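In: following is a predicted model, sequence given first.
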Amino acid sequence: SQTIHQWPATLVQPVGSPLSLECTVEGTSNPNLYWYRQAAGRGLQLLFYSVGIGQISSEVPQNLSASRPQDRQFILSSKKLLLSDSGFYLCAWSVRQGPQHFGDGTRLSIL
Amino acid sequence: AQSVTQLGSHVSVSEGALVLLRCNYSSSVPPYLFWYVQYPNQGLQLLLKYTSAATLVKGINGFEAEFKKSETSFHLTKPSAHMSDAAEYFCAVTRGGGGSEKLVFGKGTKLTVNP
C-alpha cells in the first residue's frame, strides 16, 4: 500500500533562517506531488506541484521554492524565512485523476 | 476555471442529528468531486469521491454525498452525528477525464457536535 511521510512534524525557526521540509512517498511510481500551505483560519493554498522529476510548477509568487530530486521525493525550501511563512504545510500525492492523499503536515512557526 | 463554494464556515449539530454540509461547484467541464476531513493538527483524509459513475457516493465513517448536476451541488450528509465527527470538512473539484491534475478546494466547514 502507498504511504506518505512528511517531516518534521513541528518546526520553530527565526526570521531570516533557511528552511527545508521533506516529503517522500512509498508504494507508487511517478506520482504527482503537491505542497500546500494552510494558514490559520484559511483554506488550503496550493504552492507547488510536480508531475515528474525536475518538473515544478509554482502557483503563487513567494519566498519559497520546491525541488523534486527523485521520483518520490519532494522538498520545500526557503533561503530566508519571513514571518508570513508561518503556517501548516501539507504534502500530497496523486496518480492521474485520482484523489490526492495527504501527509500529516508540518507546523511551521516563525519567530 | 473551476471553483468551490462551501456554505457555512461553521456548522453545529447535536449528537445523533443529521449532518448536512453544503458544497456547490462551478466547472465548465464534467467535474470530479471530493470530500476530505481534517482533524486538528493532521493532514486531510479522503472521505469520498465522485468520478462520473453513480451520483450517490458512499464514503467512510457513514458519510455520503449526492452529485446533482442541475444544482451544481455535492452536499455531504450523515444520518446521525457522532462526537468523533467533529472536524473540518473540505470539498474539492478537479477536471474529469484528463487535463489539469490540480484540485480546487473550498474554504472548509468546521463541524461541531454537541452532546
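Out: Good, I have the coordinates.

In: state the number of residues packed around the one residue in chain B that gets nearest to chain A.
Out: Nearest residue of chain B to chain A: B:G43, at 3.6 Å (C-beta to the nearest C-beta). Placement of C-beta: from N, CA and C, glycine included. When neighbours are counted by other C-beta atoms under 10 Å in any protein chain shown, B:G43 registers 20.

In: my guess is it contacts A:Y89. True?
Out: No: at 10.2 Å, B:G43 does not count as touching A:Y89 under the criterion of C-beta atoms under 8 Å.

In: intersection of neighbour lists for the two?
Out: Listed contacts common to B:G43 and A:Y89 are A:Q6, A:G105; contacts here mean C-beta atoms under 8 Å, 6 or more residues apart in numbering or on different chains.

In: secondary structure element holding the residue nearest the centre of chain B?
Out: What sits nearest the mean C-alpha location of chain B, by C-alpha atoms, centre = their mean, is B:W35, with 3.4 Å. Using DSSP states H and E, B:W35 sits within strand B:31-38.

In: need the CA coordinates for that strand. PDB is fine.
Out: What follows is strand B:31-38 as a C-alpha-only set of coordinates in PDB (Å, rounded to 0.1, in the frame of the first residue of the first chain):
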ATOM      1  CA  PRO B  31     -16.000  17.500 -12.800                       C
ATOM      2  CA  TYR B  32     -14.600  15.100 -10.400                       C
ATOM      3  CA  LEU B  33     -15.600  16.000  -6.800                       C
ATOM      4  CA  PHE B  34     -14.100  15.000  -3.400                       C
ATOM      5  CA  TRP B  35     -14.800  15.500   0.200                       C
ATOM      6  CA  TYR B  36     -12.000  15.500   2.700                       C
ATOM      7  CA  VAL B  37     -12.000  15.600   6.500                       C
ATOM      8  CA  GLN B  38      -9.200  17.200   8.700                       C
END
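
In: name every strand pairing with that strand and say which way it goes.
Out: strand B:44-50 (antiparallel), strand B:87-95 (antiparallel) (DSSP bridges).

In: quick one: average confidence on it?
Out: The average pLDDT for strand B:31-38 rounds to 93.

In: again, but for stretch B:90-107
Out: 78.

In: need the residues that contact stretch B:47-61.
Out: A:97, A:99, B:30-37, B:46, B:63-68, B:74, B:76, B:78, B:84-85, B:89, B:96-97.

In: flag every buried residue along it.
Out: Under the neighbour-count criterion of 16 or more other C-beta atoms under 10 Å in any protein chain shown, stretch B:47-61 has B:L47, B:L48, B:K49, B:Y50, B:T51, B:V57, B:G59 buried.
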